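Q: Need coordinates for the below:
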Amino acid sequence: MKTSNLQARANNVLCDVILEGYSLDEALSHALKKNNAQKGLLQELCYGTLRHYEYLVHILDQLLQKPLKKGDGDIEILLLLGLYQLQETHMPEAVSVAETVNAVQKTWAKGLVNAVLRNFLRAKATLTAVDNMPESVLYLHPQWMIDLWKKAFPQHWQAICKANNERPPMSLRINLARIEKEAYYALLTENNIAFHDVPAIPSAVILDKAMGVDTLPGFSEGKVSVQDCGAQVLMSLLDLKPELNILDACSAPGGKLLHLLESADPSVKVTAVEIDPNRMLKIKDNLQRLHYNKRAKLITADILDTKAWSEGECYDRIIADVPCSATGVIRRHPDIKLLRQEEDIEQFAMTQYEILETLWLALKPEGILIYITCSICPQENEELIQQFLAYNPDAQCLPIVAQQGLALTYGYQFLPGLYPGDGFYYAKLHKLA
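A: Residues are numbered from 1 along each chain as shown. Okay, the predicted model is just below:
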């Protein structure tokens, strides 16, 4: 589809995600490089359709007399997109139908798309009645995720699903080395930017309404960065002291590295390892913006390839923010609900355990390793740490005291819906002498 029609552009992005398996970030970035017009609306259509995917498929199944052919996935996705516009946006109905039909590139399908969308408008009250809707449709999540969270968090699973389907808050991290919190609040007030405090996290503030970083006061001067407040918990766990040697493993996108450099004494030695060269470039850009480019040693390497980064060194502190299912950040990445499969969780856990074992060998006796995921799946979190402790008698899991999350037997779980931040898991591991 090479038309400039907004619906066609959105459909291209959604096809890349749903049919080709690209992440939404990748697909949107590619689309916006070609045409940056109506960026906000394009994002709204793509994010919204993916957030409501289970519901939209349920509605469409009732409207189609027979399933579409396997090769017509693009038409099915365009219908889902049209239904989202009619159900969830304020676009005039006639305009939504007309623009969706105009986006059709297969001539035979124009009549089908027009008929399906108009039939939806006629039967909307009946089709959208919640009676007897499957649980996955009501809560807009794959059933396996719902079942997993019911078992892991029986009192909180509904709040998790609700939070995942909402637009995420815009959280900022104030660089307290450059500006006091109250002074930055004054900057926000001067610029008529509404915000609210996060008392438990000294560096965090949440804006009432998202905005572009270029318009954030102090952003270009390095006084503030965008980072979820759940990720900012890390600094309270590191027990920072002068002269420490710290390793930031799996460093991208670099928010925790920047927060570390803002918080640590200049005498602290920091090494950051990242496997992806493109993501390493983003880390370098952020270090440049904050003028911290000489404060950290950057190594592009696989963290499992010890020889590529360790040089025989051992570290006083290790930050292990490991690759994970990202089920704690679904509200920011609704494509995870489609792209992630139940069997993926075990594979992530295997990789995480291998990384943890590798890093443990590089930790000094009496050192501290902070294990982090943005997952809310116990297999990647508490269960993995429990297994690690069973096989490593020199490892001790220290208690974490925080607010608004769940203190587990091993580690601490922040959950979306119970905390202003995203879903993060932390375990503070002490290496016994």
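Q: Just the CA atoms of the helix or strand harbouring residue 387, as PDB, please.
A: Here residue 387 sits within helix 382-391, counting by DSSP states H and E. Output of helix 382-391 as PDB, limited to C-alpha atoms (Å, rounded to 0.1, in the frame of the first residue of the first chain):
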ATOM      1  CA  GLU A 382      11.200 -15.300  42.100                       C
ATOM      2  CA  GLU A 383      11.200 -18.900  40.900                       C
ATOM      3  CA  LEU A 384      14.500 -18.300  39.000                       C
ATOM      4  CA  ILE A 385      16.100 -16.600  42.000                       C
ATOM      5  CA  GLN A 386      15.000 -19.500  44.300                       C
ATOM      6  CA  GLN A 387      16.600 -22.000  41.900                       C
ATOM      7  CA  PHE A 388      19.800 -19.900  41.700                       C
ATOM      8  CA  LEU A 389      20.100 -19.700  45.500                       C
ATOM      9  CA  ALA A 390      19.600 -23.500  45.800                       C
ATOM     10  CA  TYR A 391      22.600 -24.100  43.500                       C
END
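Q: elements contacting that helix?
A: helix 342-361, strand 395-398, strand 425-431 (3 or more Cβ pairs under 8 Å, 6 or more residues apart in numbering; DSSP states H and E). The C-beta positions use only the backbone N, C-alpha and C, and glycine is treated the same way.
Q: can you redo those as TSV with mean pLDDT and mean neighbour count?
A: TSV is the format used below for the helices and strands packed on helix 382-391 (pLDDT from 0 to 100; neighbours: other Cβ atoms under 10 Å):
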stretch	mean pLDDT	mean neighbour count
helix 342-361	98	16
strand 395-398	98	16
strand 425-431	98	23
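Q: For the helix holding residue 387, could you pull out the residues that count as buried?
A: For helix 382-391, a neighbour-count test (16 or more other Cβ atoms under 10 Å) marks 382, 384-386, 388-389 as buried.
Q: for stretch 274-287, same thing?
A: Under the neighbour-count criterion of 16+ other Cβ under 10 Å, stretch 274-287 has 274-275, 279-280, 283, 286-287 buried.
Q: what's the answer for stretch 219-230, then?
A: Buried, per 16+ other Cβ under 10 Å, within stretch 219-230: 219, 222-225, 227-230.
Q: Next, check those against the strands and list the overlap.
A: Those of the buried residues of stretch 219-230 mapping onto strands are 224-225, per DSSP state E.
Q: Just give me the closest of the buried residues of stretch 219-230 to residue 147.
A: Using Cβ to Cβ, residue 230 comes nearest to residue 147 of the buried residues of stretch 219-230, at 24.3 Å.
Q: Quick check: the gap between that closest one and residue 403.
A: Relative to residue 403, residue 230 is positioned 12 Å away (criterion: Cβ to Cβ, to the nearest Å).
Q: again with residue 12
A: 43 Å.
Q: Could you do residue 158 as well?
A: Residue 158 is 21 Å from residue 403, where distance means Cβ to Cβ.
Q: of those two, who's got more company?
A: More crowded of residue 158 and residue 403, by other Cβ atoms under 10 Å: residue 158, with 16 against 11.
Q: isn't there a strand covering the more buried one?
A: No - Residue 158 is assigned helix when assessed by DSSP: H, G, I helix; E, B strand; the rest coil, not a strand.
Q: Let me see the confidence value for it.
A: On pLDDT, residue 158 comes in at 97.
Q: Spatially nearest residue to it, not counting backbone neighbours?
A: residue 139 (7.2 Å; Cβ to Cβ, 6 or more residues apart in numbering).
Q: CA atoms of stretch 31-43 as PDB?
A: The C-alpha coordinates for stretch 31-43 follow below in PDB (Å, rounded to 0.1, in the frame of the first residue of the first chain):
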ATOM      1  CA  ALA A  31       6.700   4.100   8.800                       C
ATOM      2  CA  LEU A  32       7.500   7.500  10.200                       C
ATOM      3  CA  LYS A  33      10.800   7.700   8.400                       C
ATOM      4  CA  LYS A  34       8.900   7.400   5.200                       C
ATOM      5  CA  ASN A  35       6.100   9.800   6.200                       C
ATOM      6  CA  ASN A  36       6.000  11.700   9.500                       C
ATOM      7  CA  ALA A  37       2.600  13.400   8.800                       C
ATOM      8  CA  GLN A  38      -0.200  12.900  11.400                       C
ATOM      9  CA  LYS A  39       2.300  11.100  13.700                       C
ATOM     10  CA  GLY A  40       0.000  11.300  16.700                       C
ATOM     11  CA  LEU A  41      -3.100   9.900  14.900                       C
ATOM     12  CA  LEU A  42      -1.000   7.100  13.300                       C
ATOM     13  CA  GLN A  43       0.300   6.100  16.800                       C
END
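Q: Surely residue 289 touches residue 223?
A: No - counting by Cβ atoms under 8 Å, residue 289 does not reach residue 223; the two are 10.7 Å apart.
Q: Does the residue nearest the centre of the chain fall in a helix, a strand, or a coil region?
A: In the chain, the residue lying closest to the centroid (Cα atoms, centre = their mean) is residue 329, at 3.5 Å. Following three-state DSSP, the label given to residue 329 is coil.
Q: Let me see the contact set for it.
A: Contacts for residue 329 (Cβ atoms under 8 Å, 6 or more residues apart in numbering) come out as 228, 336, 374, 422-423.
Q: Taking these, please make a PyMOL selection of just the buried ones.
A: Selecting just the buried residues from these in PyMOL takes one command, with 16+ other Cβ under 10 Å as the test:
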select buried, resi 228+336+374+422+423
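Q: So what's the residue count around residue 156?
A: Neighbour tally, residue 156, other Cβ under 10 Å: 19.
Q: Quick check: nearest residue in space to residue 421, chain neighbours excluded?
A: Nearest to residue 421 is residue 230, by Cβ to Cβ, 6+ apart, at 2.8 Å.
Q: Quick one: residues contacting the one you found.
A: 328, 374, 414, 419, 421-424.
Q: For stretch 123-135, give the distance from the opening residue to the closing one.
A: Counting by Cα to Cα, to the nearest Å, you get 22 Å between the two ends of stretch 123-135.
Q: Let me know the average pLDDT across it.
A: Stretch 123-135 comes out at a mean pLDDT of 90.
Q: Show me where this protein has its strands.
A: 170-174, 195-197, 204-207, 224-226, 245-249, 269-274, 296-300, 315-321, 363-373, 395-398, 406-407, 412-413, 425-431.
Q: Low-confidence ranges, this protein, go.
A: Within the chain, the segments meeting pLDDT under 70 span 1-4.
Q: and it, what are its domains?
A: 6-133, 170-226, 231-431 (automatic domain parsing).
Q: Tell me which of those lies nearest to residue 164.
A: domain 231-431 (4.2 Å).
Q: Show me how far that closest one is from its chain's centre.
A: 15 Å (Cα atoms, centre = their mean, to the nearest Å).
Q: Report how far apart the opening and closing residues of it are.
A: Per Cα to Cα, domain 231-431 runs 23 Å from first to last residue.
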